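Peer 1: Task: produce atomic coordinates for the following.
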Amino acid sequence: MSLASLAVQLLNGLASASSLFLIAAGLTLIFGVTRIVNFAHGSLFMLGAYVAFSAGTRFGAYAGSPFGFWSATLLAAIAVAILGALIEALLLKRLYRAPELLQLTATFGVVLIVRDAVLASWGPEDRLGPRVAGLDGVVNVLGRAIPEYDLFLLVVGPVVLILLTLLVSRTRFGMLVRAASENRVLAAALGVDEKTLFTTVFALGSFLAGLAGALTLPREPANLGMDLAVIADAFVVTVLGGLGSIPGAFIAAIIIGITKALCIAVGTVQVGPFAIAFPRLTLVIEFVVMALVLLVRPTGLLGRPTVVAATTQIAGERALVRRPGPRSGIAAAVLVVLALLLPLAGDPYLLVLATDILVAALFTGSLQLIIATGGMISFGHAAYFGIGAYASALATLHEWPFPLALALAPVAAAVASLAFGALAVRVSGIYLAMLTLALAQILWSIATQWDTMTGGSNGLTGAWPPDWLGERTHYYLFVLIVVAMALVALAIIALTPFGYALRGARDSALRAASSGIDVRARRIKGLAIAAAFAGISGALFTYSKGGVAPDALSIPRSVDALVMMLLGGQGALFGPLLGATAFTWLSDVLARMTEYWRACVGIAILVIVSVFPNGIGGTFRLRGFRSSSVR
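Peer 2: Okay, the predicted model is just below:
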């Protein structure tokens, strides 16, 4: 590797870091003040790129007019800022009293709506932006050509950092932002108008996202996949730098940009019989860096512990636990009877859909155990779902007996959780969520590249259930029995002394520890139990599809489970089943009705979270089914 090549890669990495900082700075502001995990931030970035493309076409940017490009960039940023303010004012402001994670569900609905809105407006084709007049040449650095526009981006990041720093440190608005970031409760008690502040901050963060999207257009084409591709990196930078810290986000963006550039520059290195392809590590290296830093500094590089208002719970009854009563037992029996009668409908596809719902319900129930009962937020629960799926698939392909192959799934998932949980429980809140996301992404990267073991991006095929379960009705009834038993077991676990200890650690770890509860051990055990049940659902999924692919470990699958849990009602007894039914059924029906089914699902999600802010199951509990709570 020559010095010139290294210099070129480092400059490219710094240019990418500058763009990434613009996105992460907006996300940092929004999360630091509102505590909203805004999944729609990547959609705002994508929208900024597409609006800049259309505005640039109209204003003459493609004809070489520098005025056209800069006008289009500014217009895109302003348009996205207005949209962000509307999202906060019309949607999120209505959910202030709902659990904070439900706000995440709402932003996920916005992601689906924006994705299809962009598809309808600009089509599925990539849209490449114009070369910027005056910045369309190259500069020779050590004999290598560097685009002038990349050098321009190197300047943009520090300039935005300086402007934001001055805004936060030298203005009254910045004083309010700092106050809300450090202690929202005290700031509100002192008379800070939270609603106006939240809307303003959301608009400013959206402006930065739109600006980043517009400035990225000359380097990368606008495409429908850029929203989810960038949001993971933005979350990494925000958490790595420290929540609410703009300088921390800047440093983190530089670290990630340089690390990726070095991986590309190093290339493939031969270590004994093994060839390590460092460029492939760019898919996951930022998660590795984040995980290592959080294990040393649990609050990120420049983050500080913050005082956060407790999440609003259903009717303020977070600490009150009611055992399921007779009505819950009757409802469960009725559901089982209806499920047993379903094959009489004679519709094979209905059985396929019902099987998918049952698998999703078990996966969601396992997530509910660690979030609702244990208070441990996970954005990467698909890691255990995927481990279970791959473990059973590999065992089946190696001709293991079906019972052993199925039993391997929960064991493999639980063992992986124990190895990971010992490190993960050192952090909490959003930091724990990002560590779980990092684990899932690392495993996803391994699954996509380990061709000899996992089949690579093609996955594993041919893992079907035995002949006695080969008929669709038989396999459906088998899944029904396993899932019913597993969901009952999860409900029982939540009501055991272990479940009460988990809730005690959730509500106040310090008080639980002073009462003699080993909080760390309980959390590790809780993660392992949840992972085992997720592994079972992964195995059932594998046998229903005849194989498994890397998307079983992907971020969208984890997000789907989180959305289903929140739709069903965080902590509600029937929540996993209600959420899985609503989400899976809506997705399936709408996908067969319209090309824009994602937007329809997104609208349905927004309606549900608006009408049922405590989830479907939580609303029923408030209206009289109080005995159903296993919170």
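
Peer 1: When you work out contacts or count neighbours from here on, use the C-alpha atoms and nothing else.
Peer 2: Noted.

Peer 1: ok, now how distant is residue 471 from residue 356?
Peer 2: Going from residue 471 to residue 356 by Cα to Cα, to the nearest Å gives 16 Å.

Peer 1: cool, residue 597 as well?
Peer 2: 18 Å.

Peer 1: What of residue 382?
Peer 2: 15 Å.

Peer 1: Which one's more surrounded, those two?
Peer 2: residue 382 (34 against 22; other Cα atoms under 10 Å).

Peer 1: Correct me if wrong: that one contacts residue 550.
Peer 2: No: look at residue 382 against residue 550 with Cα atoms under 8 Å: they stay out of range, at 10.4 Å.

Peer 1: Name the nearest residue to residue 188, sequence neighbours excluded.
Peer 2: residue 194 (6.6 Å; Cα to Cα, 6 or more residues apart in numbering).

Peer 1: Tell me how many other residues surround that neighbour.
Peer 2: Residue 194 has 18 nearby residues by other Cα under 10 Å.

Peer 1: swap in residue 338?
Peer 2: That count, for residue 338 with other Cα under 10 Å as the rule, works out to 11.

Peer 1: Which helix or strand contains it?
Peer 2: helix 326-341 (DSSP states H and E).

Peer 1: need the next SSE after that helix, C-terminal direction.
Peer 2: helix 348-368.

Peer 1: Tell me which helix or strand comes right after that next one.
Peer 2: With DSSP H and E, the next secondary element past helix 348-368 is helix 382-397.

Peer 1: any idea of the mean pLDDT in that next one?
Peer 2: Averaged over helix 382-397, pLDDT sits at 95.

Peer 1: Check which helices and strands it sits against.
Peer 2: helix 402-424, helix 429-449, strand 460-461, helix 519-545, strand 547-548, helix 555-568 (3 or more Cα pairs under 8 Å, 6 or more residues apart in numbering; DSSP states H and E).

Peer 1: what comes up buried for the helix or strand harbouring residue 19?
Peer 2: Element membership of residue 19 [criterion: DSSP H and E] is helix 3-34. Under the neighbour-count criterion of 16 or more other Cα atoms under 10 Å, helix 3-34 has 6-34 buried.

Peer 1: How about stretch 329-336?
Peer 2: residue 332.

Peer 1: So residue 244: helix, strand or coil?
Peer 2: Look at residue 244: counting by DSSP: H, G, I helix; E, B strand; the rest coil, its state is coil.

Peer 1: residues near residue 467, how many?
Peer 2: Around residue 467 there are 9 residues (other Cα under 10 Å).

Peer 1: For residue 356, see how far away it is.
Peer 2: 20 Å.

Peer 1: Over to residue 21?
Peer 2: 39 Å.

Peer 1: quick one: the helices in the stretch 101-250 of the chain?
Peer 2: 148-170, 172-182, 184-189, 194-216, 226-241, 246-266 (DSSP state H, counting those that start in this stretch).

Peer 1: tell me, which of those helices is the model least confident about?
Peer 2: Among those, helix 184-189 scores lowest, at a mean of 70.

Peer 1: what does stretch 481-490 contact?
Peer 2: With contact meaning Cα atoms under 8 Å, 6 or more residues apart in numbering, stretch 481-490 is reached by 358-359, 361-362, 365-366, 369, 533.

Peer 1: Can you convert these into JSON lines and add a column each for pLDDT and neighbour count?
Peer 2: Below are the contacts of stretch 481-490 laid out as JSON lines (pLDDT from 0 to 100; neighbours: other Cα atoms under 10 Å):
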{"residue": "358", "pLDDT": "95", "neighbour count": "26"}
{"residue": "359", "pLDDT": "96", "neighbour count": "26"}
{"residue": "361", "pLDDT": "95", "neighbour count": "29"}
{"residue": "362", "pLDDT": "96", "neighbour count": "29"}
{"residue": "365", "pLDDT": "94", "neighbour count": "33"}
{"residue": "366", "pLDDT": "94", "neighbour count": "30"}
{"residue": "369", "pLDDT": "92", "neighbour count": "28"}
{"residue": "533", "pLDDT": "96", "neighbour count": "31"}
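
Peer 1: Of all pairs in the residues you listed, which one is the farthest apart?
Peer 2: Between any two of these, the greatest separation by Cα to Cα is 16.8 Å, found for 358 and 369.

Peer 1: Any stretches of this structure with poor pLDDT?
Peer 2: Applying pLDDT under 70 to the chain flags residues 1-2, 4, 61-64, 96-100, 182-185, 267-279, 304-322, 614, 617-631.
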